[in-house]
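Asker: let me see the structure of the following:
(2 chains)
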Amino acid sequence: MSTPGETAGETVESAREMLPDNSFLIQYPHVSRVVRSLFLTAFVAFGIGAFMGVLQALHRTGIARIVASSDYYTLLTLHGVLLVIVFTIFFLAGVFTWANTRSLDRPPVSKRFTWFWVVTMSVGSAMAGIAILAGLIPSIGMSADVLFTFYAPLQAHPLFYIGLAVFIIGTWLAGIDWFRQYLAWRGENTGERIPLQSFMVLTTMLMWFIATMGVAVEVVVFLIPWSLGIVPAPNPLLTRTLFWFFGHPVVYFWLMPAYLLWYTVLPKIAGGRLFSDPLARVVFVLFLLLSTPVGIHHQYVDPGIAEGFKFIAMTNTMFLLLPSLLTAFTVVASIEHGARQRGGTGYFGWLKALPWRDPAFTGMTLAGLMFAAGGFSGMINAGMNINYLVHNTIWVPGHFHLTVGTAVALTFMAASYWLVPRITGRELYSRPIGLFQVVLWFVGMVFMSAAMHRGGLAGIPRRTAEPQYPQVTFETVAGSVGSLRLQLAFGGVLLFVSALLFLVNVGLTAMNNEPARGLDSALPPALSGPEQSPTVLDNLKLWALIAVVLVILAYSLPLYSIVQGAGLYPPGQEATPAVLAPLLEVIA
Amino acid sequence: MTATEAEAETDSAVVGEDVYADGTLVRDPEIEESLSQDEYDPKGTLALLLVYFLILGLMWTYMYFVEFLGNGPTVVG
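Answerer: A predicted model of the protein is given here:
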């Protein structure tokens, strides 16, 4: 699409001159560069992670086993870490940098500090990624086949844990950067309500600071010294509990940027306005309060944690349905407002008045629809009794491929079609490909996730390279296990094709010399604005304090009980694999 | 950027200044009727959510009968 005879550089310069003065790229060229850099890392991780995904779908169904089954867990770890740590959090960092800057109408305080955390996050990710990939080459003697759920007694190389620690520190620095940006704004805007997008960024980061305390203690106090051979193997239950202290709120960390986009960008694309700014603020406050004191619901079958503590975690988890249902109402009502303004009528007829040809709109809406389905399977997971039916079966991956795998990932892809032109100044390469791609992801996930849920009900295990056993016959409610395997693999292939189409479309957009049009970044004000809510909603210190108290209430007794029960380093624990033992013997 | 959300008016007239995300259409021509908070009743949202709750109820029933009662007690002894 470039003009013949011009060099690429000249074309870009002339294209930028055609952008309106109020476009984000013209106002904040440096911040746009930061966001582009973060998105690039996110998309590279997404491509590799998606490839690992399709390899697993074909492997565990027995359709094509390209790698040895012992290497399956390396692929699984890479799939998990690259997609739910690198892709999601780098994209989050890009969205939050854009949103905080846009809504506060000012750039971060220090360019150097911003690049420092970008580099810190990148270095940490690279260290963890190298440690995992090295597992495919036995001669290196390094591996990290511990899956995304990294806790004892499975042991990774120290490089993996140190990389994770560096990465987490990078995210903390990013949060500090956004708070500094906010405080600079606050200095000039005393008494103003926090702009909504910035409010969402700040509450999410407060939640993240609290949630990552668990994983920081797990990794720095226990896993790194253990992997270096300094201390004996820690209490597995303790490291599991510290992991899930972080492991559940991290799912809301992935989800909150998607919520930010649903609340603030989706209504605009639909031609409407956010229904209620106060409701949006309440939802984010509730996630700050309730995300962390629920992690024990991942440990319903763990012996060593009293049923009463599990019951408290279940109750807190059920409360988390409230902000999700509030979101369902507010976001749908905001979209409906757009449809009514565009002439939509009736109870369901208004749906026809929505911009379904826009890949950003259709993708985000389909992502929301999948999230509603994920809400159902999440309720099953959260119930203490019915959880036993599906625990550790492939139902659980079926659930989180609806939530993080679609509600989050598909929203990120769809939003990219809206956001990438704003941070590059380049017109989206192809809207029809974009539309086809988001629909293909939805269809692929319907096949794969439904097959996973049904397989889980039949008792097929998760995290298994070859879930085929001569002595065991899985009984499905309807259809055969063979048909479920085919559906899972077919869905996985569709998802991989969709991921490739997305990456190609975004890549060609980044090289497209046609200037983007209609880049006004202003978002329409909410129908019910912040002035209609109490100012206490903006009291971040108060909510952070309550969140900490709730975490102490939910976790102090269980952690005390675990440490009292088996101690920090119970005897008889063996590391698997013992990566440093031969080396330490040589040194000794 | 014209205004932060905190500064923005909630007056429906503000909407007219905006543009579509697709970068090709200005918002004004497509909006047939600008609806303020008082003029807008999200009855379509209510209808959709009722359908969702109905589906949730049916799926719970399915889980209860097929999986829970159908498989006998899960925790024994």
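
Asker: show me how far stretch A:275-293 is from its chain's centre.
Answerer: Taking CA atoms, centre = their mean, to the nearest Å, one finds stretch A:275-293 lying 18 Å from the centre of the chain it belongs to.

Asker: by mean pLDDT, point me to the weakest helix or strand of chain B.
Answerer: Lowest on mean pLDDT, DSSP states H and E among the helices and strands of chain B sits helix B:27-30, with a mean of 44.

Asker: so after it, what's the next helix or strand?
Answerer: Downstream of helix B:27-30, the next assigned helix or strand under DSSP states H and E is helix B:43-62.

Asker: so residue A:250 makes contact with residue A:207?
Answerer: No. The criterion here is CB atoms under 8 Å, and residue A:250 misses it with residue A:207 at 9.9 Å. Where you see a C-beta, it was placed from the backbone N, CA and C, and this is true even at glycine.

Asker: report the closest residue of chain A relative to chain B.
Answerer: Closest to chain B within chain A is residue A:518: 3.4 Å, counting by CB to the nearest CB.

Asker: just the element for that residue, please.
Answerer: With DSSP H and E as the test, residue A:518 turns up in no helix or strand.

Asker: next, count neighbours for it.
Answerer: Look at residue A:518: counted by other CB atoms under 10 Å in any protein chain shown, it has 19 neighbours.

Asker: mind listing what the spatially most central residue of chain A touches?
Answerer: Central residue of chain A (CA atoms, centre = their mean): residue A:254, 2.7 Å from the mean position. Applying CB atoms under 8 Å, 6 or more residues apart in numbering or on different chains to residue A:254 gives the contacts A:84, A:88, A:89, A:92, A:404, A:408.

Asker: from residue A:125, how far out is the fifth one?
Answerer: Read it as residue A:404. Noted for residue A:404: a distance of 17 Å to residue A:125, by CB to CB, to the nearest Å.

Asker: residue A:126 against residue A:160, yeah?
Answerer: No. If you go by CB under 8 Å, residue A:126 and residue A:160 don't touch, sitting 11.4 Å apart.

Asker: what about those two, which has more around it?
Answerer: Between residue A:126 and residue A:160, counting by other CB under 10 Å, residue A:160 is the more crowded of the two (31 against 15).

Asker: state the helix or strand in which that one lies.
Answerer: helix A:158-188.

Asker: between residue A:404 and residue A:125, who's got more neighbours?
Answerer: When residue A:404 and residue A:125 are compared for neighbours, residue A:125 comes out ahead with 23 against 20, by other CB under 10 Å.

Asker: now that one: which helix or strand?
Answerer: Under the criterion of DSSP H and E, residue A:125 resides in helix A:111-133.

Asker: report the angle between that helix and helix A:158-188.
Answerer: Here helix A:111-133 runs at an angle of 160 degrees relative to helix A:158-188 (axes from the mean of the first three to the mean of the last three CA atoms, to 10 degrees).

Asker: what helices and strands are in contact with helix A:111-133?
Answerer: helix A:29-60, helix A:72-81, helix A:88-104, helix A:158-188 (3 or more CB pairs under 8 Å, 6 or more residues apart in numbering or on different chains; DSSP states H and E).

Asker: keeping just the C-alphas, turn it into CSV.
Answerer: The C-alpha trace of helix A:111-133 is given here as CSV (Å, rounded to 0.1, in the frame of the first residue of the first chain):
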residue,chain,number,x,y,z
LYS,A,111,11.1,8.3,30.2
ARG,A,112,14.2,6.6,31.7
PHE,A,113,12.2,5.0,34.5
THR,A,114,9.5,3.8,32.0
TRP,A,115,12.1,2.1,29.8
PHE,A,116,13.8,0.7,32.9
TRP,A,117,10.7,-1.4,33.8
VAL,A,118,10.1,-2.4,30.2
VAL,A,119,13.6,-3.7,30.1
THR,A,120,13.3,-5.4,33.5
MET,A,121,10.1,-7.2,32.5
SER,A,122,11.7,-8.2,29.2
VAL,A,123,14.9,-9.6,30.8
GLY,A,124,13.0,-11.5,33.4
SER,A,125,10.8,-13.1,30.7
ALA,A,126,13.8,-14.0,28.6
MET,A,127,15.5,-15.7,31.5
ALA,A,128,12.4,-17.8,32.3
GLY,A,129,11.9,-18.6,28.6
ILE,A,130,15.5,-19.7,28.1
ALA,A,131,15.3,-22.0,31.2
ILE,A,132,12.1,-23.6,29.8
LEU,A,133,13.4,-24.0,26.3
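
Asker: where does the stretch 251-400 of chain A dip in pLDDT?
Answerer: Within the stretch 251-400 of chain A, the set of residues satisfying pLDDT under 70 is empty.
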